[in-house]
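In: Kindly return the folded structure for what I paste below:
(chains A and B)
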Amino acid sequence: MSGLRLRNISMRFDLANGSHVQALQDVSLDLRPGQLLSILGPSGCGKSTLLNIMAGFLAPTGGQITLNGHAVKGPDAERGVVFQKGALFEWMNVRDNVSFGPRMAGQRESQYGAHVDHLLEIVGLEDFREKAIYELSGGMQQRVALARCLANDPDVILMDEPLGALDALTREKMQAMVLNLWKETGKTVILITHSVEEALLLGERLIVMAPRPGRIYKEYQLPFADQGVGQDLRQIKKLPDFAARREEILSMIWNMEEEIMGRQGTAA
Amino acid sequence: MTGLAILVAYAALFAGAALMVGLIRRRIRPRNDFTSLKTVTFGDESAITPDRAASAISILVVFLLWGTFTGSRLVPFHVPGPFIGETGFSYQATGEDGQPIKGQVQVFAGIEAPVEGMQDGADNAVVAAIPRGRDQLIQLPGDALATSVDGRAIAPGGSLRVDHGTVSMTAKGTLSFVADKGLQMDPIWLPSPEAVAGRFVQITQTGYQNFTLWEHLGASLLRVLAGFALGSLVGIPLGYAMGLSGWFRGWFDPIVEFMRPVPPLALIPLVIIWFGIWETGKVVLLFLAALWVMTIAARAGVSGVNITKVHAAYSLGASKWQLLRHVILPNSLPEIFTGARVAMGVCWGTVVAAELVAAQKGAGMMIIAASKFQLTDIVLMGIILIGMIGYAIDVLMRLAERKLVPWKGQS
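Out: Numbers count the residues shown, from 1 in each chain, chains lettered A, B, ... in the order given. You can find the predicted model right below:
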């Protein structure tokens, strides 16, 4: 009963012109507590819609979603979300952003203070706690977002392309940090990404989704996340297994994109 | 003529100052900062910053021109003023008896005619004392009809230039003299800067129309603050409600969108009919002036909140009330401040206009009362004070904005 459970989730949007879009069709998924799942797919495959459903921002038009046995009905502190960007509160300093969840739950400084400071240390921002958000770099801002999410001690952490807006170097460092945080905290983490490498590195399980209608196309069990904890991720990327998987998935997604383009070509 | 002279002088000062400052700057220090090293500035908006030297000179030039054209003692040079002093012309005329007569007209323009001097009447001489800036008829001895002035023929309706003035002949044949007006402005059109400053000092001490200057200005400010506060008190919650609820937005959209383009000044007659000309009417008018601006600002502030911030807050366990208090409210502050600045500006303009219509005291009342007595110096003083207070309000609002919403324009 514990863990996140999706049963035949479907999502159908009606359009203004009377037609409709099947964004998701019969997506089923079981996630044990503590699992690290990455979701990959070409644009339009419904992966963001799926994350929004899991976060509770969207109600699916079909199927059930439960967390630890109870139905997911809306956003809740038990499911934390890390967004790509723009989700921090500029009118609060770094520390107030991180302590937002505990404060909203009515906790006092004496209750959350030590925990928040510890999290700031983990993400390497202990010297920036009084800084304004707009004084931080993009990578630092995402570390604040991570710490803010963790401060609430959620059961599940949903990440919607959290590193998508960062430069390549910062991104690599952040990938290692996410991996270490996952291992340390033992949280269930679901990561949506565009990057095949990132999906391979940051997923015990990897789901590749296909578009029209959005559905699970293929699932992998991967060793790289466990191997990568505390390691230099560049060494992992050099493994022959890693390269083979990457090529396999890249060509799979490539073919999907080709198919979409082709279909659009004949339609036009 | 004076207007054209001012325009030309202004353009010359503008270009001249630019040239001078440019030359001086090139001499003093070659600048090496980021902006000055840009080669493309024409079209690069970020490279265009207000030149503070130009601002200072611009203010100086306004006072310089003002002083120059009003004969101010504060300015060392002036455009020629009206002729003041003694002048005259000779005439030939035909007397009552048809005999030609000759004589002199002695003119004292803008000064008292001395008691001593040329004998009035002797040798057909005429003495005329003409007040500054006026023209005056000149009666020749025995109502003689002039035929020529300074040796040049003159006929009814004609006029001739003489020393320091113009002699013209009315349709009935009487001569009249007007001294050269020069380029200076009459105090009744434009008093000199020191006259305005002097009037300011006098009014701060004695007041005007039963109230001290501070009571006049304070009355206007108090009305603005009351109207603005009431407008914000109603407008901001209304704007939030319109940003948060479809029913509220649908209900109030037609009202707000209809009232927004109605200028507050157009409401003055109705407000007077409904609430009279006293304080209630003015505060109601200013309330209406501020209300729609603040409503729309608050609505825009709510609409401007990034949806990911809202999602993030809910996912962190915030309730609706907490979301409103900790996310939507602070997020809308920059918009509210922009709206407040606009609203204060509109209110300040509206209160002056409302006081022009009817008031016992107030900045607007002061200048309209003064204009009825042609006290141009008080009118000017009032306009300058109104401008300075309006500017001060805006500066204060901007300071408060920088203090309270430091994240505006960042990120």
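In: quick one, helices of the stretch 151-268 of chain A?
Out: A:168-185, A:196-201, A:224-228, A:233-238, A:240-267 (DSSP state H, counting those that start in this stretch).
In: ok, which residues in chain B are in contact with chain A?
Out: B:306, B:308-309, B:311-319, B:322, B:326-327, B:330-331, B:333, B:405-407, B:410-411 (CB under 8 Å from any CB of the partner chain). Any C-beta I mention is one placed from the backbone N, CA and C, and that applies to glycine too.
In: Which strand residues bridge the residue most central in space within chain A?
Out: For chain A, the residue sitting closest to the mean C-alpha position, by CA atoms, centre = their mean, is A:Met159 at 2.1 Å. Applying DSSP bridges to A:Met159 gives these bridge partners: A:Val82, A:Leu191.
In: show me what contacts it?
Out: By CB atoms under 8 Å, 6 or more residues apart in numbering or on different chains, the contact set of A:Met159 is A:81-82, A:178, A:189-192.
In: Among these, which pair sits farthest apart?
Out: Greatest spatial distance among the contacts of A:Met159 (CB to CB): A:Val81 and A:Val178, at 14.2 Å.
In: out of these two, which sits in the more crowded spot?
Out: Counted by other CB atoms under 10 Å in any protein chain shown, A:Val81 and A:Val178 do not tie: A:Val81 has more neighbours, with 28 against 24.
In: which residues touch that one?
Out: Applying CB under 8 Å, 6+ apart to A:Val81 gives the contacts A:51, A:55, A:75, A:87, A:149, A:157-160, B:311-312, B:315.
In: Would you mind giving me the confidence score for it?
Out: At A:Val81, the model reports a pLDDT of 93.
In: gap between it and B:Gln322?
Out: 17 Å (CB to CB, to the nearest Å).
In: what does stretch A:242-260 contact?
Out: The contact list for stretch A:242-260 (CB under 8 Å, 6+ apart) reads A:40-42, A:44-45, A:196-197, A:199-200, A:206, A:208, A:210-212, A:217-218, A:220, A:222, A:224, A:236-237.
In: So which of the residues you listed reach chain B?
Out: With CB under 8 Å from any CB as the criterion, the subset of the contacts of stretch A:242-260 in contact with chain B is empty.
In: quick one: low-confidence ranges for the stretch 201-350 of chain B?
Out: Within the stretch 201-350 of chain B, no range satisfies pLDDT under 70.
In: which residues of it fall in helices?
Out: Under DSSP H, counting those that start in this stretch, the stretch 201-350 of chain B gives helices at B:213-244, B:246-259, B:268-275, B:279-303, B:307-315, B:320-323, B:329-357.
In: for the first one, packing partners?
Out: In this case it means helix B:213-244. Packing contacts for helix B:213-244, counted by 3 or more CB pairs under 8 Å, 6 or more residues apart in numbering or on different chains; DSSP states H and E, involve helix B:193-206, helix B:246-259, helix B:279-303, helix B:329-357, helix B:363-372, helix B:376-404.
In: Local confidence estimate at the residue nearest to the centre of chain A?
Out: Predicted confidence (pLDDT) for A:Met159: 92.
In: and it, how far is that from A:Val82?
Out: From A:Met159 over to A:Val82 (counting by CB to CB), the distance is 5 Å.
In: Likewise for B:Val283?
Out: From B:Val283 over to A:Val82 the distance is 50 Å, taken as CB to CB.
In: Next: A:Val208.
Out: 22 Å.
In: Can you report how many residues neighbour the residue in the stretch 1-150 of chain B positioned nearest to chain A?
Out: Residue of the stretch 1-150 of chain B nearest chain A, by CB to the nearest CB: B:Ser46 (18.7 Å). Residues lying near B:Ser46 (other CB under 10 Å) number 9.
In: ditto for B:Phe373
Out: Number of residues near B:Phe373 (other CB under 10 Å) recorded here: 9.
In: go on, B:Ile386?
Out: 20.
In: Which parts of chain B belong to which domain?
Out: Taking automatic domain parsing as the domain assignment, the ranges for chain B are B:2-70, B:85-179, B:194-404.
In: From the ones you listed, pick the one with the highest average neighbour count.
Out: For the domains of chain B, the largest average neighbour count (mean count of other CB atoms under 10 Å in any protein chain shown) is found in domain B:194-404, namely a mean of 18.
In: quick one: terminal-to-terminal distance for it?
Out: This stretch, domain B:194-404, spans 41 Å end to end (CA to CA, to the nearest Å).
In: now do stretch A:123-138
Out: Termini of stretch A:123-138 sit 14 Å apart (CA to CA).
In: quick check, distance from it to the centre of its chain.
Out: Relative to its parent chain, stretch A:123-138 has a centroid offset of 22 Å by CA atoms, centre = their mean, to the nearest Å.
In: Then stretch B:128-136?
Out: Taking mean C-alpha positions (CA atoms, centre = their mean), stretch B:128-136 and its chain are 31 Å apart.
In: Find the nearest non-adjacent residue to the residue in the stretch 151-268 of chain A that chain B sits nearest to, please.
Out: For the stretch 151-268 of chain A and chain B, the shortest gap (CB to the nearest CB) falls at A:Asn152, measuring 5.5 Å. Leaving aside its chain neighbours, A:Asn152 sits nearest to A:Gly101 (3.3 Å; criterion: CB to CB, 6 or more residues apart in numbering or on different chains).
In: Sticking with that neighbour, tell me its helix or strand.
Out: helix A:100-104 (DSSP states H and E).
In: got the CA positions of that helix in PDB?
Out: The C-alpha coordinates for helix A:100-104 follow below in PDB (Å, rounded to 0.1, in the frame of the first residue of the first chain):
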ATOM      1  CA  PHE A 100       8.700  28.400   4.100                       C
ATOM      2  CA  GLY A 101       7.100  25.000   4.400                       C
ATOM      3  CA  PRO A 102       7.700  24.500   8.100                       C
ATOM      4  CA  ARG A 103       6.500  28.100   8.800                       C
ATOM      5  CA  MET A 104       3.300  27.500   6.900                       C
END
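In: Now do the buried residues in the helix or strand following that helix.
Out: Sequence-wise, the next helix or strand downstream of helix A:100-104 (DSSP H and E) is helix A:109-122. Neighbour-count burial for helix A:109-122, counted by 16 or more other CB atoms under 10 Å in any protein chain shown, picks out A:112, A:115-116, A:119-120, A:122.
In: roughly how far apart are B:Phe200 and B:Gly382?
Out: Taking CB to CB as the measure, B:Phe200 falls 10 Å from B:Gly382.
In: Spell out the residue ranges of the helices in the stretch 1-150 of chain A.
Out: Going by DSSP H, counting those that start in this stretch, the stretch 1-150 of chain A shows helices at A:47-55, A:94-98, A:100-104, A:109-122, A:138-151.
In: can you redo those helices as a markdown table with mean pLDDT?
Out: Output for the helices of the stretch 1-150 of chain A, formatted as a markdown table (pLDDT from 0 to 100):
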| stretch | mean pLDDT |
| --- | --- |
| helix A:47-55 | 91 |
| helix A:94-98 | 93 |
| helix A:100-104 | 93 |
| helix A:109-122 | 90 |
| helix A:138-151 | 91 |
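In: Looking at the ones you listed, which is nearest to B:Thr39?
Out: Ranking the helices of the stretch 1-150 of chain A by their distance to B:Thr39 (criterion: CB to CB) puts helix A:138-151 first, at 30.7 Å.
In: pLDDT score assigned to A:Leu181?
Out: pLDDT, read off for A:Leu181, is 87.
In: Greatest separation within the contacts of A:Val81: which pair is it?
Out: Among the contacts of A:Val81, A:Pro75 and A:Met159 lie farthest apart (CB to CB), at 15.1 Å.
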